[in-house]
Structure formats: C-alpha cells, structure tokens
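Asks: task: produce atomic coordinates for the following.
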Amino acid sequence: MIQEVKSEAETRAFGELVGSRLKGGELIVLVGDVGAGKTTFTKGLAKGLLIDEDIQSPSFTISRNYEARDGIVLAHYDFYRLNDAGIMANELHESIHDPAMVTIIEWADIVEGVLPEDRMTIVFEPKSENERTLTVTGVKDLL
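Replies: I've put the predicted structure just below:
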C-alpha cells in the first residue's frame, strides 16, 4: 500500500488511523532517515490508541512505554544510537511476543535478527520538505 502525505498533520492522521485499528500484539517497523516523519507518525498512532501522554522520540533512552486503551501498552523503540543489540534483543523479544503490546521500532537494522516476519513495515520517503510517500507492507487486515 502506498500512502501519500503532504504535511505533518496528514502523517499524524494516518498514524491515528492505524492506531485506532490496533488490538495488541502488533509489530510495526518504521524505516526512514532522520526527520522523515517516524516519530510524527508514532504520535498519531498513540492518539489512535487513546494515549494522552506527549510522545517523545526515545533516541537517547532507547525505549519508552505508554499505557493505551483496552489494556494495551505501546512500546516505542529507537535503536539509532545502538551499536550492538545486546540485552535489548531479549527485552524486544518479550515485547514483540506480548499480546497486550503494540511494538514500534525505529532504526531496526541492529535487531533485524530477532524480528519476526509477521510485521508491518512503513518506509518513509521524503518528496519535499513536508511531503512523504509512505510504503506500507505487511498490512493484512489492519488497513
């Protein structure tokens, strides 16, 4: 699926649509350069999960968890600064296999070896300062 977005607001709105359809147990991998819109999308997704907290990029903390609707927990990982998966691979494995978790991963290359094939991947490709093409694979029944 290809989704064209023309602004940060449209990126958030698409994230909100995806978040509103999540049930727990989903893994979403976000791929794109710095500033491509991955965290903006995640903020929208959190709104769709009815999370009231301000979503921040976990670039320095590696992960953040947020309580969502229906007993779901959003686990947001950012492995940009990680050189070795190490112990994070174990934590990630637990998160991915928890049916109450929605797991979002930015910069997943370092942990690719522990990620299951059953996942959604969204590639963010900038077209201009505000416009992006989002290529979504592994959608199944979500969208």
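Asks: after the lengthiest helix in the chain comes which helix or strand?
Replies: Assignment by DSSP state H gives helix 8-20 as the longest helix of the chain. Next helix or strand after helix 8-20 toward the C-terminus (DSSP states H and E): strand 27-31.
Asks: buried residues in that next one, which are they?
Replies: Applying a neighbour-count criterion of 16 or more other C-beta atoms under 10 Å, one finds 27-31 buried in strand 27-31. Where you see a C-beta, it was placed from the backbone N, CA and C, and this is true even at glycine.
Asks: what angle separates the helix or strand bottoming out on mean pLDDT in the chain from strand 27-31?
Replies: Lowest on mean pLDDT, DSSP states H and E among the helices and strands of the chain sits helix 88-96, with a mean of 79. Comparing the axes of helix 88-96 and strand 27-31 via axes from the mean of the first three to the mean of the last three C-alpha atoms, to 10 degrees yields an angle of 130 degrees.
Asks: remind me what helix 88-96 packs against, helices and strands.
Replies: Packing partners of helix 88-96 (3 or more C-beta pairs under 8 Å, 6 or more residues apart in numbering; DSSP states H and E): strand 73-78, strand 101-106.
Asks: okay, those, which one's buried deepest?
Replies: Most buried of those by mean neighbour count (mean count of other C-beta atoms under 10 Å) is strand 101-106; its value is a mean of 25.
Asks: how close does Thr40 get to Gly71?
Replies: Distance, Thr40 to Gly71, using C-beta to C-beta, to the nearest Å: 26 Å.
Asks: comparing the two, which residue is more hemmed in?
Replies: Neighbour count, other C-beta atoms under 10 Å: between Thr40 and Gly71, Thr40 has more, with 23 against 9.
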